[in-house]
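*Asks:* Here is a sequence with its predicted model. Questions after.
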Amino acid sequence: MTVAPIQLPEPSQAALRAARALQRRAERKETGLFLVEGRQAVREALAMPGVVEEVYFRWDAVLANADLLDAAKAADVPYYAVSEQNLATITDTVTPQGVVAVAHAIDVPLDTVLYRKPPKPDKQPKKKHRRKDVSLVVICAQVRDPGNAGTVIRCADAFGADAVILSSDSVEVYNPKTVRASVGSLFHLPIVVGVDLAEAIEACRGAGMQIFATDGAAGTDLTDLDAELSRPTAWVMGNESWGLPVEHLALADRTVAVPIYGSAESLNLATAAAVCLYASASAQRASN
């Protein structure tokens, strides 16, 4: 039995140039668009209404991604087929998976994550924001490695965190490596970017959260926290190389070390974040 070929339109050269330009941060910032590569990430992006601008399939990968093609059609998203050479120009991986989407930026303001505005009837005096129930947030402070940032987002998603906040001096969340490392989790929970660390911590504290900062030299181990882990918590994770400077540690309520029982000198940032988030999520679920 012969399978009928799937007919897809080819993009214009202008469309390809525009997609190719999104490899550059300046272009992403100017257009508010970014590249999403890989089956899982494209699937999750297509599940969010109005997020995906267009999808590019490599010709020889169309059949393998027929479900994504159907999703694009269902969402009324333009789709195109391109050659292997053309697809390679809009991805930075050695062996691309055969599908790349162009998506709109999805980061949200800090106050929409931590506060909810109650409806206000006309001619009523303004009321203060009502606090939204949040129990677990991770703040990335000066996290510079895109792979680490993406993996932290993936861990936060896996352990049910309410949001991920990237400080203004952290890596760009729309860096292709960050997006790829999140494996679609970028589209599952609110992401806040470009916020001053002190402002982010104060907002979390104002939302009723305790602030724990990770520090390998801290006198308190994660295993010492017991019942404290069940309370609403914002974890602050520092830079991969130097951690959190003293002035940033001082902003937290507690500094906490992840205990290491073997001979390793330290833990990778994303691994430490996973351990801390898992401990908090487990304690919170047990208390509920």
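*Replies:* On my side now, so go ahead. Residues are numbered from 1 along each chain as shown.

*Asks:* Now the helix or strand where residue 30 lies: buried residues?
*Replies:* Under the assignment given by DSSP states H and E, the secondary-structure element containing residue 30 is helix 25-31. When neighbours are counted by 16 or more other Cβ atoms under 10 Å, the buried residues of helix 25-31 are found to be residue 28. To be clear about C-beta, it is placed using only N, CA and C from the backbone, and glycine gets the same treatment.

*Asks:* what is the mean pLDDT for that helix?
*Replies:* For helix 25-31, the mean per-residue pLDDT is 97.

*Asks:* now stretch 230-239
*Replies:* In this model, stretch 230-239 has a mean pLDDT of 95.

*Asks:* Please list the residues outside it that contact it.
*Replies:* Residues from elsewhere that reach stretch 230-239, judged by Cβ atoms under 8 Å, 6 or more residues apart in numbering: 134-144, 152, 197, 201, 204-205, 207-215, 244-245, 248, 251-252, 269, 272-273, 276-277, 280, 283-284, 286-287.

*Asks:* Drop anything exposed from those residues.
*Replies:* With neighbours counted using 16+ other Cβ under 10 Å, the contacts of stretch 230-239 contain these buried positions: 134-143, 152, 197, 201, 204-205, 207, 209-215, 244, 248, 251-252, 269, 272-273, 276-277, 280, 283-284.

*Asks:* Same question for residue 147, what's its three-state structure.
*Replies:* Local secondary structure at residue 147 is given as helix here, using DSSP: H, G, I helix; E, B strand; the rest coil.

*Asks:* next one: residue 19
*Replies:* helix.

*Asks:* Tell me the gap between the helix or strand following the helix holding residue 30 and the middle of its chain.
*Replies:* Going down the chain from helix 25-31, the next helix or strand is strand 33-37, by DSSP H and E. Going by Cα atoms, centre = their mean, to the nearest Å, the spacing between the C-alpha centre of strand 33-37 and its chain's C-alpha centre is 13 Å.

*Asks:* what's the answer for stretch 15-29, then?
*Replies:* Taking mean C-alpha positions (Cα atoms, centre = their mean), stretch 15-29 and its chain are 20 Å apart.
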